[in-house]
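Trainee: need a structure here:
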Amino acid sequence: MKRWIVPAVMGAFIGIIAAFPLLTLASTPSPGNHDVSIVDSSINGYQPSPLTIRDGEMVTWTNKDLQDHTVTHVGGDFDSPRMVPGTTYRHIFRNPGTFSYSCKIHPSMQGVINVEPAAAPSPPPSVAPSPSPSPSPSLKASPTASPSPRPSVSPSPTPSKSPTPSPSPSTDVTGTANEASDEGPDRQQGRGRSIAKTIGIIAGIIAALSGAGLWYLRKSTG
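Mentor: Residues are numbered from 1 along each chain as shown. Predicted coordinates:
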């Protein structure tokens, strides 16, 4: 069951992220929406009235009275159905002018909507052109003096020395060969003994490890 916890948490997290923009749009009020409350059946039953809006904006009427009412334009541009308590009616005004309306059930109720032309968008601020930089005067390079040639000095010849003959030393080849032949067998025997000793030590270690391994196997299988 634990293997389903991580996918479930990830799915919930992704769902919250996906729904965040929708929640933001739903919670943000529309700047072009105006509210009018229907409070009673008197001449001031629509509040506020008169109401001034811009062309293209919307008005929402909400019946907060205990009786039924309507929102009916005198010229017939808009006419709501019968609004029971708690219901709303919306209309978008797309033309400038003055719109008077009333209630069919209670003709004494009067309301006025003044629609002004939509504000023209402000032009972007003009940017003054930056002045072009003036060209700087070019500097002329001063002529450089050519170096004067130096007199060449011919090297003086060095006197050659005649080599003096060196006396050739006489060596006793026979005695050296005899000494080398006398020391050769002893060194060879010492090296052989050390190699044999090292091999014996390694063989003993291998035998000890093999015996310990067999003892462990017998103990574990027994």
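Trainee: Quick one: residues contacting Phe99.
Mentor: By Cβ atoms under 8 Å, 6 or more residues apart in numbering, the contact list for Phe99 reads His73, Gly75, Asp77, Phe78, Phe93, Val112, Ile113, Asn114, Val115. In short, each C-beta sits where N, CA and C put it, glycine included.
Trainee: how much space is there between the closest residue to the third one other than its chain neighbours and Val71?
Mentor: Nearest in space to Asp77, with sequence neighbours left out and distances taken as Cβ to Cβ, 6 or more residues apart in numbering, is Phe99 at 6.6 Å. Noted for Phe99: a distance of 11 Å to Val71, by Cβ to Cβ, to the nearest Å.
Trainee: shared neighbours of these two, anything?
Mentor: With Cβ under 8 Å, 6+ apart, Phe99 and Val71 have common neighbours Phe78.
Trainee: Please enumerate the helices of the chain.
Mentor: All helices of the chain, identified by DSSP state H, fall at 5-27, 173-221.
Trainee: For those helices, which has the smallest mean pLDDT value?
Mentor: Note on those: lowest mean pLDDT is at helix 5-27, with a mean of 51.
Trainee: picking that back up, just send the contacts of Phe99 back as TSV, with distance to Pro85 and neighbour count too.
Mentor: Formatted as TSV, these follow (distance: Cβ to Cβ, whole Å; neighbours: other Cβ atoms under 10 Å):
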residue	distance to Pro85	neighbour count
His73	22	16
Gly75	27	9
Asp77	25	14
Phe78	21	17
Phe93	25	22
Val112	24	14
Ile113	23	23
Asn114	28	13
Val115	28	20
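Trainee: And these, which is the shakiest by pLDDT?
Mentor: The weakest per-residue confidence within the contacts of Phe99 falls on Gly75 (91).
Trainee: okay, now Ser111: neighbour count?
Mentor: Wrong residue type there; residue 111 is Gly, not Ser. Close neighbours of Gly111, defined as other Cβ atoms under 10 Å, add up to 25.
Trainee: Near the nearest residue to it once chain neighbours are set aside, how many other residues are there?
Mentor: Once flanking residues are discounted, Gly111 sits nearest to Tyr46: 3.5 Å by Cβ to Cβ, 6+ apart. The local packing of Tyr46 (other Cβ under 10 Å) involves 25 other residues.
Trainee: wait, Tyr46 sits on Ser108?
Mentor: No: with contacts defined as Cβ atoms under 8 Å, Tyr46 does not count as touching Ser108, sitting 11.4 Å away.
Trainee: Common neighbours of these two, please.
Mentor: Taking Cβ under 8 Å, 6+ apart as the criterion, Tyr46 and Ser108 do not both touch any residue.
Trainee: Gly75: what's its closest spatial neighbour, skipping adjacent residues?
Mentor: Nearest one to Gly75, counting by Cβ to Cβ, 6+ apart, is Phe99 at 7.6 Å.
Trainee: An error on my part: the question was meant for Gly45.
Mentor: Met109 (4.2 Å).
Trainee: And Ser108, by the same measure?
Mentor: Counting by Cβ to Cβ, 6+ apart, Ser108 lies nearest to Ile43, which is 5.4 Å off, once chain neighbours are set aside.
Trainee: Mind listing the residues bridging to the residue nearest to Asp77?
Mentor: Counting by DSSP bridges, Phe99 is bridged to Ile113.
Trainee: Got the confidence number for it?
Mentor: pLDDT, Phe99: 97.
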